[in-house]
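Enquirer: okay, here's the prediction I keep looking at, along with the sequence it came from:
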Amino acid sequence: MSNPQDAHISIPDTKLIYESSNGDTWYLVEDPATGLPTVKHIASPQSGGHVSLFEVEGFLLRGEGPEQQALRHLLNQDHLSTILIAYDVHPMQASAYHDLGEAIRSLGAWWHHLETVWIVRSGKTPGEIRDKLAGYINVDDQLLVADITRSRAELAGVNEAGDSWLKVNIKLDILAA
């Protein structure tokens, strides 16, 4: 089973989710302690300015307030696809593997817990990604690029950081409610 130190994910930059009329604000951020996608609530200065962090799924389950609706809208409006990339490179040479990994990282937010499997958030189509990555593989190598946006997924042995990233970026049912 993976442990939190094995987390290989990237989280997008901080995004404003919602600002209430009383000055409270909510942001989608990376939790500094865990690296998980997190909702950061900053109370208005009049309310003391306290800062609270919430795991995304738990925050969405807290209710149907405007801040939850805004987060659902933000997660659904980005027009990015969730793309699965898998490959089999023969022989696995360090330089070719590194260059392919860098090319995949350049596509957008990414998850990489399995040796030759990546999941990325990208505005590119699977064909565009395949064409970009094809230059990094040889004739004996194999490459699979599939759009898995809004797909059902079941996990085993994935640590909390990976599980949370996948829930947010594959947008499982909890986020579509």
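Expert: Looks like it came in fine. Here the structure is a predicted model, which means the values were calculated and not measured. Numbers count the residues shown, from 1 in each chain.

Enquirer: where does the residue lying closest to residue 140 once chain neighbours are set aside land in three-state SS?
Expert: Closest residue to residue 140 apart from its sequence neighbours, by C-beta to C-beta, 6 or more residues apart in numbering: residue 90 at 4.8 Å. From N, CA and C alone the C-beta is placed, and that goes for glycine too. With DSSP: H, G, I helix; E, B strand; the rest coil as the basis, residue 90 sits in coil.

Enquirer: same check, this time on the one 5 residues further on
Expert: Secondary structure assignment for residue 95 (three-state DSSP): helix.

Enquirer: can you check the one 4 residues further on too?
Expert: At residue 99, secondary structure determined by three-state DSSP is helix.

Enquirer: now do the contacts for the nearest residue in space to it that is not next to it in sequence.
Expert: For residue 99, ignoring the flanking residues on the chain, the nearest one in space by C-beta to C-beta, 6+ apart is residue 136 at 5.5 Å. Residues counted as contacts of residue 136 (C-beta atoms under 8 Å, 6 or more residues apart in numbering) are 96, 99, 100, 103.

Enquirer: tell me the most packed of those, by neighbour count.
Expert: The residue in the contacts of residue 136 with the most neighbours, by other C-beta atoms under 10 Å, is residue 100 (21 neighbours).

Enquirer: pLDDT at that residue, what is it?
Expert: Residue 100 carries a pLDDT value of 91.

Enquirer: what does residue 173 give?
Expert: Confidence score, pLDDT, at residue 173: 42.

Enquirer: just the one 3 residues further on next, same as before
Expert: Per-residue confidence at residue 176 stands at 39 (pLDDT).

Enquirer: how about residue 66?
Expert: Value for residue 66, per-residue pLDDT: 96.

Enquirer: and residue 121, what does it touch?
Expert: So residue 121 contacts 12, 78, 80, 81, 82, 83, 108, 109, 110, 169 (C-beta under 8 Å, 6+ apart).

Enquirer: over to residue 17?
Expert: 26, 27, 28, 39, 67, 70, 71, 74.

Enquirer: and which of those is nearest residue 162?
Expert: The shortest approach to residue 162 among those belongs to residue 28, at 17.8 Å (C-beta to C-beta).

Enquirer: surely that closest one touches residue 70?
Expert: No: applying C-beta atoms under 8 Å, one finds residue 28 not in contact with residue 70, separated by 10.0 Å.

Enquirer: below-threshold pLDDT in the chain: ranges please.
Expert: Applying pLDDT under 70 to the chain flags residues 1-13, 34-36, 77-78, 91-94, 170-177.
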